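Participant: I'll drop the sequence and a predicted model, then ask my questions.
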Amino acid sequence: MRIVFLGTPDYAVPVLSTLFEAGYEVAAVVTQPDRPAGRGRALASPPVALWAREHAVPVLQSPSLRPPEVAGQLAALAPDAMVVASYGRILPPPLLAIAPMGCLNVHPSLLPRHRGPSPVAEAILEGDAVTGVTIMLLDEGMDTGPIVAQEEVAIGPDDTAGALTASLFARGGDLMARTLHAWSEGRVDAIPQDATLATYSRKLEKADGELDFTRAAAQLHNQVRAMHPWPGAYTTFKGATLKVLSSTALPSVAAADPPGTVIAIQDAPAPAGVVTREGVLALRELQLEGRRAADADAFLRGRPDLLGARLPC
């Protein structure tokens, strides 16, 4: 089967690699243009482009997919199907009509739950115990197309958005490889989504990482996990940004101190925690602005004044 693959970041590479190793003929890869990266701001190619060049797969990096010549280029490749995994843009209608089998997309949630750009972070923020990966047939909407296949994945209590996203796309690659054959042979159907069950995520912003200790410890722990690796969960300590890289919720621990107070805790996963509206948020790994990340024990050896501090709420 001949496919054109559209994807951009690291997360998309396992999907592409799995299809390639499964014997699918990748006629070309479509990905975002090179962008400045690193301290020197030198141009860097997206991970999908790097993988494609290493495997002698043609790469198309158009700033826009709307020009007619882009659709013409892809149509000339005569793909049986288009496969999309974290490409980063909605495909215009002319591209959706190129392949006889349509455009199949890997989405890291159990659609129609958590449509939109941040489904994994949203699932963690909401405290979902289960998420999953969906293979959907793209239409002109935002994650509104019919579902071709789904697979559930449990969310662990310490899963971060970064780790869970990587796991979901890896599972999505396997599911896509199985689904394409079944789809081509008519052994699976495209089931319309129930729009009444739809929920939506939005693009994360830096401000989404700011911790408010008037919330419950369980909610804050979910926020720490959902914001890792970006934008990161943070507060302020003596005028400097203090990132909370890893935490544990201790909802049953009671403290008389007001929310935001850093206290020592015994028989816990970390030596210190922050009092919240409900329970204590144990601090396992921290990073003060301009310093390296450290576990809580090492951090407190260097900054014992964190204990007893009142963090902003």
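Facilitator: Received, thanks. It should be emphasised that the depicted structure is a prediction, and the values quoted were computed from it without experimental measurement.
Participant: from here on, contacts and neighbour counts on C-alpha atoms
Facilitator: Noted.
Participant: show me what the one helix or strand Leu220 maps to is in contact with.
Facilitator: Following DSSP states H and E, one finds Leu220 within helix 217-226. For helix 217-226, the surrounding residues in contact (CA atoms under 8 Å, 6 or more residues apart in numbering) are 120-122, 124-127, 158-161, 209, 211-213, 232-233, 244-251, 275-281.
Participant: for Ala264, which non-adjacent residue is closest in space?
Facilitator: Nearest in space to Ala264, with sequence neighbours left out and distances taken as CA to CA, 6 or more residues apart in numbering, is Ala272 at 4.4 Å.
Participant: contact partners for the one you found?
Facilitator: Neighbouring residues of Ala272 by CA under 8 Å, 6+ apart: 262-265, 282-283, 296, 307.
Participant: give me the distance between it and Ala293.
Facilitator: Computed as CA to CA, to the nearest Å, the Ala272 to Ala293 distance reads 16 Å.
Participant: in stretch 199-207, what counts as buried?
Facilitator: By neighbour count, with 16 or more other CA atoms under 10 Å as the criterion, the buried positions of stretch 199-207 are 200-201.
Participant: and that stretch, average pLDDT?
Facilitator: For stretch 199-207, mean pLDDT rounds to 97.
Participant: rewinding a little: among the contacts of Ala272, which one sits closest to Leu204?
Facilitator: Taking CA to CA as the measure, Leu204 lies nearest Leu283 of the contacts of Ala272, at 23.1 Å.
Participant: neighbours of that closest one, how many?
Facilitator: By other CA atoms under 10 Å, 23 other residues sit near Leu283.
Participant: about what we covered before: can you give me the offset of the helix holding Leu220 from its chain's centre?
Facilitator: Helix 217-226 sits 16 Å away from the centroid of its parent chain (CA atoms, centre = their mean, to the nearest Å).
Participant: confirm that Arg284 sits in a strand.
Facilitator: Yes - assigned with DSSP: H, G, I helix; E, B strand; the rest coil, Arg284 falls within a strand.
Participant: any idea of the mean pLDDT in the helix holding Leu220?
Facilitator: pLDDT averaged over helix 217-226 gives 98.
Participant: likewise stretch 302-312?
Facilitator: On average, stretch 302-312 scores 97.
Participant: mind checking pLDDT for the residue with the largest distance to the centre of the chain?
Facilitator: Largest separation from the mean C-alpha position in the chain: Ala256, at 37.4 Å (CA atoms, centre = their mean). Here, the pLDDT recorded for Ala256 equals 89.
Participant: can you tell me the SS state at Pro312?
Facilitator: coil.
Participant: so what's the residue count around it?
Facilitator: With neighbours defined by other CA under 10 Å, the count for Pro312 comes to 15.
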